[in-house]
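A.B. asks: Okay, here's the prediction I keep looking at, along with the sequence it came from:
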Amino acid sequence: MSDTVELRGIHKTFDHFVAVDHLSFNIREGGVYGLLGPNGAGKTTAIRMMIGINMPDEGEVWLFGGKFHRQQLQRIGYLPEERGLYKKMKVLDHLIFLGRLHGLSTAEARKRALNWCERLQLSEWTQKKVEELSKGMQQKIQFIAALLHDPDLMILDEPFAGLDPANAVMLKDVMIELKKAGKTILFSTHRMDQVERLCDSICLIDHGRRVLEGELKKIKASYGKNTVQMQYEGHPLLEDCDLIQSFNNYGNYVEVRLKPGADSQELLRLASQHARISRFELVEPSLEEIFIDVVGQNA
Amino acid sequence: MHNTWLIIRREYLERIRSKAFIIMTLLMPVFMASTILIPAMLSDMKSGGTRHIVLVANNPEIAEAVKQQLITPQPSDSKTDADIRSQKASAPRYAIEIGTNVADAERASLRQQITEGKIDGFLWLADTDLASHKIVYSAKDVTDFGESIELRNAVQSALVKRQLAQKGVSGAEVENLLKPIDLDSIRIEKGKEGASGISVFLVAFTMVMLLYVNVLVYGFAVMRSIIEEKSSRILEVLLSSVTSKQLLAGKIIGVGAVGLTQTIIWLLIMLAFSLPGISASRSMLSNVHIPMVGMLAFGVFFILGYFLYSTMYAALGSMVNSDAEAQQVQWPAMLPIIFSIVLSTPVLQHPNSQLAFWTSMVPFFAPILMFVRVMVETPPAWQLILCVALMLLTTWGLLGLSSRIYRVGILMYGKRPTLPELRRWLKYAG
């Protein structure tokens, strides 16, 4: 099985600023791939090079087992981070226009657009102008536009930004359905909770460089069960304890990362001297913790 | 090609359907018609009434001759005048009284009558005044120059006729002598009669105006639609399926087609309304003779010029982010048009000069200057071909250039690029 996306050392500089620094990764067919990184890490530039909006200065982009060619774009659906539609156009006309740009016939585009609008509860808006719709509705329209031509690869840049929970769930369900249908989804975000729930594999980039890549499960396993989640009353005075590598207070509970070789039982004993422990659980580190850890090391 | 066509189609249909387009298209002819018709109607209303005039002269014969001259329609300087007069001949324009009292008291009394509104004016033809070739027309309003000229001509003709008659020339001979001469200048090309001077001027002027107005309105529309796409952020979606060149070409052609549609609608409306007028003034239009090659050149140079300038606007539009900025940068596109209007006079006068050749080869001047040259004297075929080829190449080159600027410019929101930055942009886009 060939890879849907293969980046071979793509590199892009703007002036003296290196936006993407010899980045390589492969996205296997099927499944959800998360492209993560802090703001300004080069996620969007990498995506733009993937779909030919920018050309890499060095390196190559391979899609669906072949070197980049504009014809391949017919098989890609793209939801950019910067959302935009023609404000004066009617919703249905707009969807048909975008569908036809991706090679659909007018009739087919119309049929699919109406189906999707019904599915995402937009049926009564199809004859309205885009500008009359709320931001959330416009975003759903763009989401439909990205998948109207039934693409094999969907690239979604921050798809949930600005959506209320009900709409976010609606979108997530569609994404899971597409994944089951064998489509590949590339999903870029800096929201770690979403990645943890949806992604099979991730690539974490920072300053244009790849810092972590692989299957999510393996990455988390490699960090081992060296993290403790605790709930307690009182002050366990753990901040300056020499067993701890990092300490993160989430309000309702704290997450503590142990130093390599440190014994969790030792920590429990120490903590119980000063506070009443109501929960003490040894877990894999959350992605957020890994993220902060990795990005922190790079900074 | 398919993508470009879809962009053209969207751009065209969305604009044609917009209320602004429909209103503009319908209101413009109404506006133009009213600027022409209302003053004409107003002046008709005024001159429709009979002017009551007193002629005062020592010699009643002179007064009588002037009166005859005024109340009988005259063969006049030009055919246009004749047309106007024939329409007005139905109602006599002047009611004329004759007085022979040239005393100052009479003059005062006539002035009084003007004030009281009993008469409209009086013409003082005392012998002493006639001898010194200086006569006075007094009236309540003397701003109607047509009337002053008519009176002067009448007196002049009456005097000449009278003098000739005194020298024994017969009435018919006098009429014949005084009949004005009509001058037609006709250009001879390859032994055949070409366009007359007046038609070269008329057609060149129409070209300049149409090009200027269309470039101004629709070039700016291209620019704005590009800015709109940038600010609505839809570009990234579009660029994931079309190239920036296809997108730009589609926009320019789509918006251009809207402009052409509007121009054609206006021309048709104009034609429909002026048909009765044309048949009435056929005699005048017979002077306007436009050769086939001129018509063809008009179409070719209008369309090429239009798209060349639109592409230039597109390039400018891709550098800026707002309408306000667009206003500031549009002068580079207007400058060449204004230049070529200025240059058109020397080119019209000396179509074979070095100046005419070199300037008409510059793609930005060619739509007007080469067209003027074609109208005056068809240049050699190789010059025409070279000129058209240069225009096409420039348009294509500009399109490539602006689509590169566009591709980088759209993705860098914020400030306007400086020139060195622009040069780097062109490099990135590669």
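C.D. replies: Sure, I can see it. Numbers count the residues shown, from 1 in each chain, chains lettered A, B, ... in the order given.

A.B. asks: Strands of the stretch 51-200 of chain A, residue ranges please.
C.D. replies: A:58-63, A:66-67, A:76-79, A:153-157, A:184-189 (DSSP state E, counting those that start in this stretch).

A.B. asks: what's the most buried one of those strands?
C.D. replies: With neighbours defined as mean count of other Cβ atoms under 10 Å in any protein chain shown, the strands of the stretch 51-200 of chain A peak in mean count at strand A:76-79, which reaches a mean of 26. All C-beta spots, glycine's among them, are computed from the backbone N, C-alpha and C.

A.B. asks: In CSV, list the C-alpha atoms belonging to it.
C.D. replies: Taking C-alpha atoms only, strand A:76-79 is exported to CSV below (Å, rounded to 0.1, in the frame of the first residue of the first chain):
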residue,chain,number,x,y,z
ILE,A,76,-7.9,16.5,-2.5
GLY,A,77,-10.3,18.5,-0.4
TYR,A,78,-8.9,21.5,1.4
LEU,A,79,-10.3,23.5,4.3
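
A.B. asks: outside of stretch B:378-395, which residues touch it?
C.D. replies: B:189, B:293, B:300, B:304-305, B:307-308, B:311, B:351, B:357, B:360-361, B:363-364, B:366-367, B:370, B:373-374 (Cβ atoms under 8 Å, 6 or more residues apart in numbering or on different chains).

A.B. asks: Okay, buried residues for it please.
C.D. replies: Neighbour-count burial for stretch B:378-395, counted by 16 or more other Cβ atoms under 10 Å in any protein chain shown, picks out B:378-379, B:383-384, B:387-388, B:391, B:394-395.

A.B. asks: Just the mean pLDDT for it, thanks.
C.D. replies: Taken as a whole, stretch B:378-395 has a mean pLDDT of 89.

A.B. asks: Can you give the distance of that stretch from its chain's centre?
C.D. replies: Mean C-alpha position of stretch B:378-395 versus that of the full chain (Cα atoms, centre = their mean, to the nearest Å) differs by 27 Å.

A.B. asks: Ok, stretch B:112-120 next?
C.D. replies: 41 Å.

A.B. asks: Any idea how far apart the tips of that stretch sit?
C.D. replies: Using Cα to Cα, to the nearest Å, one end of stretch B:112-120 lies 11 Å from the other.

A.B. asks: same question for that stretch, mean pLDDT?
C.D. replies: Mean predicted confidence for stretch B:112-120 is 83.

A.B. asks: and if you look at stretch A:26-36?
C.D. replies: Mean predicted confidence for stretch A:26-36 is 89.

A.B. asks: What is the neighbour count of residue B:155?
C.D. replies: Each residue near residue B:155 was counted by other Cβ atoms under 10 Å in any protein chain shown, and the total is 23.

A.B. asks: so where's the longest helix in chain B?
C.D. replies: Once chain B is assigned using DSSP state H, the helix that runs over the most residues is helix B:244-280.

A.B. asks: brain fart, chain A
C.D. replies: helix A:165-180.

A.B. asks: Give me the angle between that one and strand A:153-157.
C.D. replies: 150 degrees (axes from the mean of the first three to the mean of the last three Cα atoms, to 10 degrees).

A.B. asks: tell me which residues of helix A:165-180 are tucked away?
C.D. replies: For helix A:165-180, by 16+ other Cβ under 10 Å, it's A:167-168, A:170-172, A:174-175, A:178-179.

A.B. asks: picking that back up, of the contacts of stretch B:378-395, buried ones?
C.D. replies: For the contacts of stretch B:378-395, a burial check counting by 16+ other Cβ under 10 Å picks out B:300, B:304-305, B:307-308, B:311, B:351, B:357, B:360-361, B:363-364, B:366-367, B:370, B:373-374.

A.B. asks: Among those, which are located in helices?
C.D. replies: B:300, B:304-305, B:307-308, B:311, B:357, B:360-361, B:366-367, B:370, B:373-374.

A.B. asks: Out of the residues you listed, the closest to residue A:199 would be?
C.D. replies: Here the nearest of those to residue A:199, counting by Cβ to Cβ, is residue B:311; it sits at 45.0 Å.

A.B. asks: I'd guessed residue B:244 sits against residue B:401; true?
C.D. replies: No. Using Cβ atoms under 8 Å, residue B:244 is not in contact with residue B:401; the gap is 11.2 Å.

A.B. asks: Looking at the two, which one has more neighbours?
C.D. replies: residue B:244 (24 against 18).

A.B. asks: just to revisit the earlier point, show me which of the ones in helices among the buried ones among the contacts of stretch B:378-395 neighbour chain A.
C.D. replies: Among those, proximity to chain A is found for none (Cβ under 8 Å from any Cβ of the partner chain).

A.B. asks: quick one: which two of the residues you listed are the most distant?
C.D. replies: Using Cβ to Cβ, the two most remote members of these are B:311 and B:357, lying 24.8 Å apart.

A.B. asks: in the stretch 151-299 of chain A, which spans are helices?
C.D. replies: A:165-180, A:192-198, A:216-223, A:264-274, A:287-298 (DSSP state H, counting those that start in this stretch).

A.B. asks: Redo those helices as CSV? Include mean pLDDT and distance to chain B.
C.D. replies: Formatted as CSV, the helices of the stretch 151-299 of chain A follow (pLDDT from 0 to 100; distance: least, Cβ to the nearest Cβ, whole Å):
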stretch, mean pLDDT, distance to chain B
helix A:165-180, 90, 17
helix A:192-198, 83, 21
helix A:216-223, 83, 27
helix A:264-274, 82, 48
helix A:287-298, 78, 25
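
A.B. asks: ok, for the closest residue to chain A within chain B, nearest residue in space, not its chain neighbours?
C.D. replies: Of all residues in chain B, residue B:233 sits closest to chain A, at 3.1 Å by Cβ to the nearest Cβ. Nearest-residue entry for residue B:233: residue A:84, 3.1 Å, with adjacent residues in sequence omitted and distances by Cβ to Cβ, 6 or more residues apart in numbering or on different chains.

A.B. asks: Then residue A:119?
C.D. replies: Distance criterion Cβ to Cβ, 6+ apart; nearest residue to residue A:119, sequence neighbours excluded, is residue A:174 at 7.7 Å.

A.B. asks: Which one of the strands of the stretch 51-200 of chain A lies nearest to residue B:18?
C.D. replies: Taking Cβ to Cβ, strand A:76-79 is the member of these nearest to residue B:18, at 28.1 Å.

A.B. asks: In CSV, could you pull the C-alpha coordinates for the helix or strand harbouring residue B:10?
C.D. replies: Assigned by DSSP states H and E, residue B:10 belongs to helix B:2-17. Written as CSV, here are the backbone C-alpha positions of helix B:2-17 (Å, rounded to 0.1, in the frame of the first residue of the first chain):
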residue,chain,number,x,y,z
HIS,B,2,-12.2,24.3,-18.1
ASN,B,3,-11.2,26.0,-14.8
THR,B,4,-10.7,29.3,-16.5
TRP,B,5,-14.1,29.0,-18.1
LEU,B,6,-15.8,28.3,-14.8
ILE,B,7,-14.1,31.4,-13.3
ILE,B,8,-15.2,33.5,-16.2
ARG,B,9,-18.7,32.2,-16.0
ARG,B,10,-19.1,32.8,-12.3
GLU,B,11,-17.5,36.3,-12.5
TYR,B,12,-19.8,37.2,-15.5
LEU,B,13,-23.1,35.8,-14.2
GLU,B,14,-22.7,37.1,-10.6
ARG,B,15,-22.0,40.6,-12.0
ILE,B,16,-24.7,40.7,-14.7
ARG,B,17,-27.3,39.6,-12.1
